[in-house]
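Student: Fold the following for me, if possible:
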Amino acid sequence: METITIQHKTQKAVTGKKPLIAKIIPSLFWALFLGNLLYTVLLYPNFPTGNIEHFIRFNGFSQLLWATVTFFAAIVSYYASTYFKHRAQLSSFMWHCLAFTFSVMLLVVSEHVGLLILSWLLMGLFMSRLIGLDSTWGEARQAKGFSRSYFLVGSLLLGIGVCLPAFYVGSYSLSTILAKLDGIPNVILLVSTVCIILAALIQSAIFPFHKWLLSAMTAPTPASALMHAGFVNGSGILLTLFATLLLATDSLDILFIIGGLTAIVAQFTKLIQVNVKQRLACSTIAQMGFMIMQCGLGFFNAAITHLILHGFYKASLFLSSGEEIQQSNPKAPPIIQIKWFQAIIVVLFSLIGAYLFARLTGKGMHWDSGIFLTLVASIAVGQATYNIVKQQLLSGWQKLVLPPVLFLSGIGIYALLYNWVTLLMADIAVASVHMPVSTLQIGFGIIFLIGFFLMKLGVYRKIPWIYVKLMNLSQPHKNTVLTYKNENQ
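Tutor: Numbers count the residues shown, from 1 in each chain. Just a heads-up that it's a prediction; the model follows:
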């Protein structure tokens, strides 16, 4: 729908020379990224910690996120400079991309609660403008208003959650508030925690707040890449900043369950999508569920690592989504069938992958919450192995060689990045905490595994009411789909 609309408009657009802003802003982002990268390399791992009048805070964590954010902004803005054919849309996107990026950079260095709330609000407002960038498109206007209402509610909840303890403590410094949690009444801490968690869930489009992301398909592809690579990941940053509060209120199990349920359901809904961007949106919701799940396990450093890797992965997929639209043809549903020796290979490599993951990252070596992350890694390796052994074009020795090569390199890269992120988060109050395994976690882990295998075996396709329920659950808001005709048609 978005592709047809843009093609229709660009046929009438006056092309000509690109506006100067389309050259300046990508160059600015590249300069910022290279500067941050050079600074990181020169000072790693001993970054100075700075605090400017309790308003701005600089440390290794903020440096890591600044380098990541500016890199994504540079890639997306450079892509956008050749994507848009309409000068007005190109200029508008560049200005909003610049404003959005700076609001994210402000968020990660905010020490004053006022700046934190303001940056969170600005992120939502600028993103809603990017979603509705084509103001002549009725559905885009509806999607902009619909998403903006979600972001405003999320900002209000964050404001309540942060200001309640701030007023009680009598300080607006984030570090001061978190250091004095012991003196704050439990009811205030509980209300504050609920509000902050809800704000995080809304921004990450976690069920049942996922409709705004599914309705945001009106955003042009560069805006979608920016949204899925950066905006929705903001909840991981927020939850990491308030990890001390979450621990003080014993709220991690709630995040673990909500994130796990979202990850499974979103994976189900992804499999029944036929629109490439809708499928990517469901994939993002599932990945955000995994990120929230990692926070619930107490591994905030793993959540930040996941945030960065997901940003690279999803930005790449969105920026190349047009190629899939041109090259793909409708296909019959896959037949789920695996032979006994293939099953043995999958199980074997899953166990080997889990062991390597545990050895390289240190997670899963003891009876604590790290076991669940190792379990997820084992499932990922098993899935990758299954995708290889079922390929008919590969020979027998290729099916044996490719799995270890892929998961060895993949787990190695992840372990390297995880350890690097952990060092950069050394001055964060809580980067990770090994939680004891509880009966609740074991029970939900079993449910998670059952749901995963039901999904992979395609059982849901044989139960019509489940299929219909999943299809309805994964639809955007009705006002953002086929409500208006384009004014130029």
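Student: Which residues are in contact with Ser173?
Tutor: Contact analysis of Ser173 by CB atoms under 8 Å, 6 or more residues apart in numbering lists His54, Glu111, His112, Val113. C-beta coordinates here come from the backbone N, C-alpha and C atoms, glycine included.
Student: Contacts only, for the spatially closest residue to the third one that is not a sequence neighbour.
Tutor: Okay, so that is His112. Among residues not flanking His112 along the chain, Phe55 sits closest, at 4.6 Å (CB to CB, 6 or more residues apart in numbering). Residues near Phe55 by CB under 8 Å, 6+ apart: Ser110, Glu111, His112, Leu115.
Student: now do Ser110
Tutor: Phe55, Ile56, Arg57, Leu116, Ser119, Leu174.
Student: buried stuff in stretch 62-82?
Tutor: Within stretch 62-82, the residues scored as buried using 16 or more other CB atoms under 10 Å are 62-81.
Student: looking at this protein, which helix or strand is least sure?
Tutor: Within the chain, no helix or strand scores below helix 2-10, which has a mean of 39 by mean pLDDT, DSSP states H and E.
Student: end-to-end on stretch 219-231?
Tutor: 13 Å (CA to CA, to the nearest Å).
Student: how far is that stretch from where the chain is centred?
Tutor: 11 Å (CA atoms, centre = their mean, to the nearest Å).
Student: now do stretch 73-85
Tutor: Centroid displacement of stretch 73-85 relative to its chain, using CA atoms, centre = their mean, is 21 Å.
Student: again, but for stretch 139-151
Tutor: 20 Å.
Student: cool, and stretch 116-129?
Tutor: 17 Å.
Student: picking up where we left off before, hmm, which of the contacts of Ser173 is lowest in pLDDT?
Tutor: Of all the contacts of Ser173, His54 carries the smallest pLDDT score, 79.
Student: is it fair to say Ala205 lies in a helix?
Tutor: No: Ala205: not assigned to a helix; according to DSSP: H, G, I helix; E, B strand; the rest coil it is coil.
Student: since we're on it, how many residues are nearby?
Tutor: 29 (other CB atoms under 10 Å).
Student: correct me, but it touches Val232?
Tutor: Yes: if you go by CB atoms under 8 Å, Ala205 and Val232 touch, sitting 6.0 Å apart.
Student: List the buried residues for the longest helix anywhere in the chain?
Tutor: When the chain is parsed with DSSP state H, its longest helix is helix 138-169. Residues of helix 138-169 classed as buried: 138-144, 146-148, 150-151, 154-155, 157-166, 168-169 (neighbour count, 16+ other CB under 10 Å).
Student: next one: stretch 165-185
Tutor: In stretch 165-185, counting by 16+ other CB under 10 Å, buried: Pro165, Ala166, Tyr168, Val169, Ser171, Tyr172, Ser173, Leu174, Ile177, Leu178, Leu181, Ile184.
Student: Could you tell me which ranges of the stretch 301-450 of the chain sit under the pLDDT cut-off?
Tutor: 321-342, 364, 387-399, 403 (pLDDT under 70).
Student: name the element the spatially closest residue to Ser251 that is not a sequence neighbour belongs to?
Tutor: Take Ser251 and drop its neighbours on the chain: the residue closest to it by CB to CB, 6+ apart is Thr193, 5.2 Å away. Using DSSP states H and E, Thr193 sits within helix 186-203.
Student: just to revisit the earlier point, tell me which of the contacts of Ser173 is nearest to Ser320?
Tutor: Glu111 (38.5 Å; CB to CB).
Student: dump the residue contacts of that closest one.
Tutor: Asn51, Ile52, His54, Phe55, Ile56, Arg57, Ser173, Leu174, Ser175.
Student: give me that answer again for 6 Å
Tutor: The neighbours of Glu111, taking CB atoms under 6 Å, 6 or more residues apart in numbering as the test, are His54, Phe55, Ile56, Arg57, Ser173, Leu174.
Student: for Gly296, same thing?
Tutor: Leu252, Leu255, Phe256, Gly259.
Student: What's the separation between it and Ile206?
Tutor: Relative to Ile206, Gly296 is positioned 12 Å away (CB to CB, to the nearest Å).
Student: Could you do Pro185 as well?
Tutor: Using CB to CB, one gets 28 Å for the distance from Pro185 to Ile206.
Student: just the helices in the stretch 1-150 of the chain please.
Tutor: For the stretch 1-150 of the chain, the helices defined by DSSP state H, counting those that start in this stretch cover 2-10, 21-43, 60-83, 87-109, 113-131, 138-169.
Student: Quick one, which of these gets closest to Val430.
Tutor: Closest approach to Val430 among the helices of the stretch 1-150 of the chain is made by helix 60-83 (11.6 Å; CB to CB).
Student: which secondary structure elements does that closest one contact?
Tutor: For helix 60-83, the packing partners by 3 or more CB pairs under 6 Å, 6 or more residues apart in numbering; DSSP states H and E come out as helix 21-43, helix 87-109, helix 221-226, helix 300-319.
Student: Would you point to the one among those that's packed deepest?
Tutor: Most buried of those, by mean neighbour count (mean count of other CB atoms under 10 Å): helix 221-226, with a mean of 26.
Student: Using the record's assignment, carve the chain into domains.
Tutor: Domain assignment of the chain by automatic domain parsing yields the ranges 19-322, 340-467.
Student: Go through these and name the closest to His477.
Tutor: domain 19-322 (4.5 Å).
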